[in-house]
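S.K.: Here is my input, please return the structure:
(one chain, ligands or ions: 1)
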Amino acid sequence: MANLQIGGIDCRDLAAVSGTPLLVYDESKIEQQLAAAIQGFQSEHFETEVVYAAKAFSCKAIFRKIQEAGAGLDVVSGGELYCAKEAGVDMKRIYFHGNNKSDEEISMALELGCGTIVLDNRMECRRLCQLAEEHKKNIQVLLRVNPGVEAHTHEYIRTSGADSKFGISIEKKEEIRQLLQPALDSKYVEFKGFHSHIGSQITETEGFSAALEIMIRFIREMKDIYKIEAKHLSIGGGFGIKYTASDKPIPLGDMAGMLARICEERMAAEGIDLEKLLIEPGRSIVGEAGYALYTVGFGKDTDTKHFLFVDGGMSDNIRPALYQAEYSCDIATRLGEKKDRTYCIAGKNCESGDILIKEAELPSSAAEGDLLVIYAAGAYGYSMASNYNRAGRPEVVFAKDGKARRVLRRETYQDQLRLEADEQLTI
Ligand code: LLP
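M.R.: The predicted structure follows:
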C-alpha cells in the first residue's frame with residue numbers, strides 16, 4: 001500500500017496542511033506542456049506564438065508561469081484581464097476574446113495597452129474603432145470567423161457555420177469586408193488577420209487540418225477579391241488530454257508541430273505569405289497537471305450500487321454534471337491495492353446529479369478518512385467552480401521538487417459574505 005506523490009510530496013502531507021477538497025498542480029507538468037507546445041510549434045517560414053487560454057485555469061501564479069515560459073495569454077473578460085494586469089503580465093502579449101465585450105471592457109483593454117482584441121462582430125468593430133479614437137490608443141485586431149468545421153472528441157463535422165454564437169461565417173465575405181472597414185480606415189486600430197476555433201478536447205488532427213485548409217483558402221480569397229491582407233492567423237485551441245484510458249490524445253508538441261507543417265503546406269499551395277501562426281491551448285497546458293484530492297466519507301451500499309461520498313462535488317467540478325465528462329480516480333492512500341469493487345463517487349452538494357464518477361474500480365478496503373484523487377482535474381474545474389450550497393472554493397497548491405506553495409487559499413464563510421449589502425438605492 002502506497003500513497004500518491006504529487007510533485008515529490010505525499011498526498012497525506014498535502015491534505016494534512018491544506019485540508020480537502022484540494023487542487024494540487026504538479027508544476028513541472030505545466031512547465032513541460034508549455035515547453036512542448038513552444039518547442040513543437042516552430043516554423044522557418046513564419047513566426048509562431050503559443051497563447052494560453054486563461055479560461056482553463058486562471059490565477060496570478062499560473063499567469064506568471066505562462067509569461068516566464070514565453071507564451072502569450074488569451075483572456076475573455078475584464079476579470080481575466082484584471083488578474084493578468086495584477087500578475088504583471090506584459091499587456092502586449094494579451095489577446096482579448098469574447099462575443100459580447102462591453103464598452104467598459106474595451107476601454108479597459110485600450111487603457112491597459114492590451115496588444116490584440118479578437119473581434120467577434122460588426123458592432124464590436126465599430127465600437128472599438130470609436131473608443132480607440134476617444135482614448136487615442138493603438139490596438140491590433142484579429143477577426144474571429146467561423147470556418148464551418150466543428151470538431152468533437154473523436155470526429156469532426158462540417159456545418160454551415162451559421163449556428164455558432166461566435167464569429168462570422170467565412171461564407172459571408174462581403175459582410176466581412178464591410179465589418180472590417182472601420183478598422184481598415186482607423187488611425188488607431190490595426191487589422192492583423194483572422195482567428196478561428198473549432199472546438200475543445202479534440203484528439204485527432206483532421207478537424208484542425210480541415211480548418212487550416214479552409215482558413216488559408218479564405219485568406220487568399222479575401223486578398224484576391226478585396227485586397228484585404230491577413231498577416232496573422234490563429235487557429236484557436238482545443239487540443240485534447242487524457243481523462244480516461246479510452247482517450248488517446250496526440251502529444252501537444254507533436255500536434256503543434258503538425259499544425260505548423262500543415263500551415264506551411266497550405267500557404268505554399270495557395271501562394272499566401274503569413275507572418276505569424278498562433279495556437280491557444282488551455283486544457284492541454286493545465287489539465288493533466290491537476291490532481292483533485294478529496295477525503296472519503298461514508299460508503300453507502302444500495303441494492304445495486306456502492307457509493308463513496310467525498311467532501312467536494314459539483315461545486316468544485318461541474319464538468320461531470322454539465323457535460324457527462326468522465327474522469328479516472330484512485331484511492332490515493334491505497335495505491336497498489338487490488339481494485340475489486342465498482343464504486344459510484346458522489347459529491348456532497350444537495351443534488352442527485354452531483355456524481356463525480358459514475359463507475360470507478362477501486363479497492364473494496366476504501367474507507368472513511370482515505371484520500372480519493374481525481375486525475376486530470378486541472379482544466380475547467382476551478383475556473384467553473386461555484387458557491388452552490390455555499391460551498392467554498394477549494395485551496396490550490398503548486399507542488400514541485402518536494403516543495404509546495406499555496407497559490408489560492410481556501411474560500412471561507414467570511415469570503416462568501418463579502419458581497420452582502422444593505423443599502424437604500426436612489427432611483
Ligand atoms: N481559444 C478559444 C477562442 C476558445 O474558445 C477556447 C475554449 C480555447 C482557446 C481553449 O480551448 P482548450 O484548449 O482549453 O480546449 N468548459 C468546457 C470547455 C470550453 C472551452 C471553450 N473555449 C469544458 O470544461 O470542457
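S.K.: Show me what counts as buried in the helix or strand where Arg406 lies.
M.R.: Using DSSP states H and E, Arg406 sits in strand 403-408. Across strand 403-408, burial judged by 16 or more other Cβ atoms under 10 Å covers 404, 407-408. (C-beta placed from N, C-alpha, C; glycine too.)
S.K.: Could you dump these into JSON lines and include distance to the ligand and pLDDT?
M.R.: Converted to JSON lines, the buried residues of strand 403-408 look like this (distance: Cβ to the nearest ligand atom, whole Å; pLDDT from 0 to 100):
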{"residue": "Ala404", "distance to the ligand": "25", "pLDDT": "98"}
{"residue": "Val407", "distance to the ligand": "19", "pLDDT": "98"}
{"residue": "Leu408", "distance to the ligand": "19", "pLDDT": "98"}
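S.K.: returning to what we had before: following element in sequence after the strand holding Arg406, please.
M.R.: Per DSSP H and E, the first helix or strand lying C-terminal to strand 403-408 is helix 413-416.
S.K.: Contacts for the strand holding Arg406, please.
M.R.: Contacts with strand 403-408, where a contact means Cβ atoms under 8 Å, 6 or more residues apart in numbering, come from 7-9, 14, 17-18, 24-25, 59-62, 382, 393, 395-398.
S.K.: Name every strand pairing with it and say which way it goes.
M.R.: With DSSP bridges as the test, strand 403-408 is paired with strand 395-400 (antiparallel).
S.K.: if we can go back for a sec, centre of the chain to the strand holding Arg406, how far?
M.R.: Remark: strand 403-408 is offset 21 Å from the chain centroid, using Cα atoms, centre = their mean, to the nearest Å.
S.K.: before we move on, back to that, show me the contacts of strand 403-408 that map onto strands.
M.R.: Among the contacts of strand 403-408, the members found in strands (DSSP state E) are 9, 24-25, 395-398.
S.K.: Among the residues you listed, which one lies nearest to the ligand?
M.R.: Nearest to the ligand among these is Tyr25, at 15.6 Å by Cβ to the nearest ligand atom.
S.K.: what residues does the stretch 51-200 of the chain put near the ligand?
M.R.: By Cβ under 6 Å from any ligand atom, the residues of the stretch 51-200 of the chain that approach the ligand are 53, 56, 74, 97, 197, 200.
S.K.: For the residue most central in space within the chain, give me its contacts.
M.R.: By Cα atoms, centre = their mean, the chain has its centre lying nearest to Ala56, at 2.8 Å. Ala56 sits next to 282-283, 285-287, 378-380, 383 when contact means Cβ under 8 Å, 6+ apart.
S.K.: and Leu112, how many neighbours?
M.R.: If you count neighbours by other Cβ atoms under 10 Å, Leu112 ends up with 17.
S.K.: Who are the contact partners of the closest residue to it other than its chain neighbours?
M.R.: Once flanking residues are discounted, Leu112 sits nearest to Met91: 5.2 Å by Cβ to Cβ, 6 or more residues apart in numbering. If you count contacts by Cβ under 8 Å, 6+ apart, Met91 has them with 84-85, 112-115.
S.K.: Please consider this matter closed, and thank you.
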